[in-house]
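Undergrad: The sequence and its predicted three-dimensional model are supplied below.
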Amino acid sequence: MRRAHYRITSPVRFFTFILFVVVLTVFGLSTVISANSAEAATVNTYKQITVQSNDSLWSIADDYCDESEDVRDKIDELKEINDLSGDELQAGDVLFVPVG
């Protein structure tokens, strides 16, 4: 079997192609690195609270909800963080609430 021999017929086109590949590689790597550093920058802080006899998910979410947040979204977040399937809380339960 005979191997094909390739020749560079236009050095300018070859250099342009190599430059394009290098720029594309650098851009791709910088995008991946910046996405990882942005993801690492969003670290949540949690406060551990003990449920009192008159507490509900709504009242807890309302206490820790910012003005710009919807209480229902905070309730969903609390349920996900604490692995709650229903809305029932018992006095003495320990919950983690995101703060900050």
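TA: The structure has been received and is ready for your questions. Given the structure is predicted, the values throughout are model-derived calculations rather than measurements.

Undergrad: quick one, strands of the protein?
TA: Applying DSSP state E to the chain gives strands spanning 45-50, 94-99.

Undergrad: Partner strands of the first one, with direction?
TA: Listed by DSSP bridges, the sheet partners of strand 45-50 and their directions read strand 94-99 (antiparallel).

Undergrad: Report the rounded mean pLDDT for the partner strand.
TA: Average pLDDT, strand 94-99: 90.

Undergrad: for stretch 22-37, same thing?
TA: Average pLDDT, stretch 22-37: 84.

Undergrad: For the residue lying closest to Val94 once chain neighbours are set aside, give me its contacts.
TA: Leaving out its chain neighbours, the residue that sits closest to Val94 by C-beta to C-beta, 6 or more residues apart in numbering is Thr50, at 5.7 Å. Heads up, the C-betas are built off the backbone N, CA and C, glycines and all. The contact partners of Thr50, by C-beta atoms under 8 Å, 6 or more residues apart in numbering, come to Gly92, Asp93, Val94, Leu95.

Undergrad: So what pairs up with Lys47 in the strands?
TA: Val97.

Undergrad: surely it meets Val94?
TA: No. Using C-beta atoms under 8 Å, Lys47 is not in contact with Val94; the gap is 11.0 Å.

Undergrad: How about Val51: what's its closest non-neighbour residue?
TA: The shortest distance from Val51 to any residue other than its chain neighbours is 4.2 Å, reached at Asp93 (C-beta to C-beta, 6+ apart).

Undergrad: just the helices in the protein please.
TA: 11-41, 57-63, 71-81 (DSSP state H).

Undergrad: would a markdown table of those helices with mean neighbour count be doable?
TA: A markdown table is the format used below for the helices of the chain (neighbours: other C-beta atoms under 10 Å):
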| stretch | mean neighbour count |
| --- | --- |
| helix 11-41 | 10 |
| helix 57-63 | 16 |
| helix 71-81 | 15 |
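
Undergrad: Quick one, grab the pLDDT at Arg13.
TA: 91.

Undergrad: circling back: okay, the strands of the chain, which one's buried deepest?
TA: strand 94-99 (a mean of 14; mean count of other C-beta atoms under 10 Å).

Undergrad: re earlier: what's the neighbour count on the residue nearest to Val51?
TA: 14 (other C-beta atoms under 10 Å).
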